[in-house]
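1. Okay, predicted coordinates and the sequence, questions at the end:
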Amino acid sequence: MEKTKILYFITRMDQGGAQASVLTTLKTLNKQQFETYLATGPGGRLDFKLKNDAGRVFFISALRHDIRPRYIFHDIWAVWQMGRVLRQVKPDIVHTNAPKAGVLGRIAARLFWRKAKVVHTFHGLGFAKEHGARQFKFFVAVEKFCSRFTNVLVFVSRRNAAEAKQLGIGKGVRTELIRAGINFNPILPLKFDPAAKKASFKIPANAKVVLALANFKPLKNPIHFVLAAYKVLSQMKNVYFLFTGEGPLKQTAENLAKNLGIEKQVLFPGWRSDALELLAISDVYASVSLREGLPMSLLEAMAMRVPAVCYDVDGIGEVITNNKTGFLVKPNDINTFADKLKVLLRHAALRERFEAAIDHRDFAEFTASTMVKKQERLYRSLVPPTKKNGGKRRFFRRRYRKPSKNFNQGDK
């Protein structure tokens, strides 16, 4: 049987949920039915994980991470480079991920290889009103335009799908809900020592730890993490806060912690490859993000039975059950966020109750195996194994129509 070729586009292989999802798919997709390729911008932290698939990985040198007017010529050049990859691979399906690659990759597919079916995954809507009304409207308009030549829009959370529908993105386009997935049976190193791990950060063995696995981009909102930490530390002394990652707001966050006099207990250790070990020494997981599709770091916290306090945005409320596996707080309400942290940190019995509830929660829809199975089903629906995609295609795809409920197989 001839394999279905799938070409994935993603902006850059940085450390994040979208990248982790793509890597999982590349690793576990059925090799008997599918032949996978990846095109990405260079310079990502996870590039080293692609070295074993060098023949099927293409680096798009002009694909810059930031979305700025000054990069417009890079973007045009990136579309041309993507087009060359498309002509070389001749994929049956193009699957784009991340905002920048999602736009440029879909444009390239329409210009250079219209034979392919086009899928785009929103790992969270890449635009927010916090960026400003003009920029928000611009990105909504761009997504509306690109959806006109997209066969399937995939969402990782129901909230994102509902918001996109409300904004008019993908009107008439087939949509699917495919959760980001992880392994819910994490294994720590055989000789893992929690006290030694704490000591590596100069954290006392009996201290409480609040952890955020994120980055220092504006929508991850690290400043609120520091402010919440200050409110907690004003009443509780034996607590340490860890906020991982890098980004443009890191220096600002460090300066704020220093000005507030809490720099010894609010730590910024940069990018980490030991997320499970950090979760193992943590008492509470925290998220102050203003935008999240379906944060894989939160799923990892659930897999490690760590109760969470989170701003209730996007898909977070689809993972956390309020007052049962964690606390959901209205975005930007720093006082309530800090209060919920204090409640969990002070009451071991409550943490144990939340941990037990996490144990009994069914996370089957958030597993990596479920994610990949749904992706395979989607791909087979677009390009059945007995058929190869061919023929000319319209620049704009025809509007998707759901099968009629009254359809009778005898009717032709």
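-> Structure received.
2. Just the buried positions in the helix or strand of the chain with the lowest mean pLDDT, please.
-> Ranking every helix and strand in the chain by mean pLDDT, DSSP states H and E puts helix 133-147 at the bottom, with a mean of 91. By neighbour count with 16 or more other Cβ atoms under 10 Å, helix 133-147 contains the buried residues 139-140, 142-143, 146-147. Quick note: C-beta positions are derived from backbone N, CA and C, even for glycine.
3. Quick check: next helix or strand after the longest helix along the chain?
-> The longest helix of the chain (DSSP state H) is helix 72-89. Sequence order places strand 93-97 as the next helix or strand after helix 72-89, per DSSP states H and E.
4. so what secondary structure elements neighbour that following strand?
-> strand 4-12, helix 17-28, helix 99-112, strand 117-122 (3 or more Cβ pairs under 8 Å, 6 or more residues apart in numbering; DSSP states H and E).
5. so Ala39 makes contact with Thr11?
-> No. Ala39 lies out of contact with Thr11 (Cβ atoms under 8 Å); the separation is 10.3 Å.
6. So Ser297 is in contact with Leu211, correct?
-> No. Contact criterion Cβ under 8 Å: Ser297 and Leu211 do not qualify, at 9.0 Å.
7. Check which element follows the helix or strand in which Ile223 is found along the chain.
-> Take DSSP H and E as the rule and Ile223 turns out to sit in helix 222-233. Sequence order places strand 239-244 as the next helix or strand after helix 222-233, per DSSP H and E.
8. Contacts for that following strand, please.
-> 201, 203, 207-215, 222, 225-226, 229, 232-233, 253, 265-272, 275, 278, 282, 286, 345 (Cβ atoms under 8 Å, 6 or more residues apart in numbering).
9. Would you mind pulling up the elements that the helix or strand just after it packs against?
-> For strand 239-244, the following helix or strand on the C-terminal side (DSSP H and E) is helix 250-259. Using 3+ Cβ pairs under 8 Å, 6+ apart, the elements in contact with helix 250-259 are helix 222-233, strand 266-270.
10. Just the CA atoms of the first one, as PDB, please.
-> What follows is the C-alpha trace of helix 222-233 in PDB, where atoms were taken according to Å, rounded to 0.1, in the frame of the first residue of the first chain:
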ATOM      1  CA  PRO A 222       5.300  36.200  34.600                       C
ATOM      2  CA  ILE A 223       4.900  39.600  36.400                       C
ATOM      3  CA  HIS A 224       1.700  38.400  38.000                       C
ATOM      4  CA  PHE A 225       3.500  35.300  39.200                       C
ATOM      5  CA  VAL A 226       6.000  37.500  41.000                       C
ATOM      6  CA  LEU A 227       3.300  39.700  42.500                       C
ATOM      7  CA  ALA A 228       1.300  36.700  43.700                       C
ATOM      8  CA  ALA A 229       4.500  35.300  45.200                       C
ATOM      9  CA  TYR A 230       5.100  38.600  47.100                       C
ATOM     10  CA  LYS A 231       1.600  38.500  48.600                       C
ATOM     11  CA  VAL A 232       2.100  34.900  49.700                       C
ATOM     12  CA  LEU A 233       5.500  35.500  51.200                       C
END
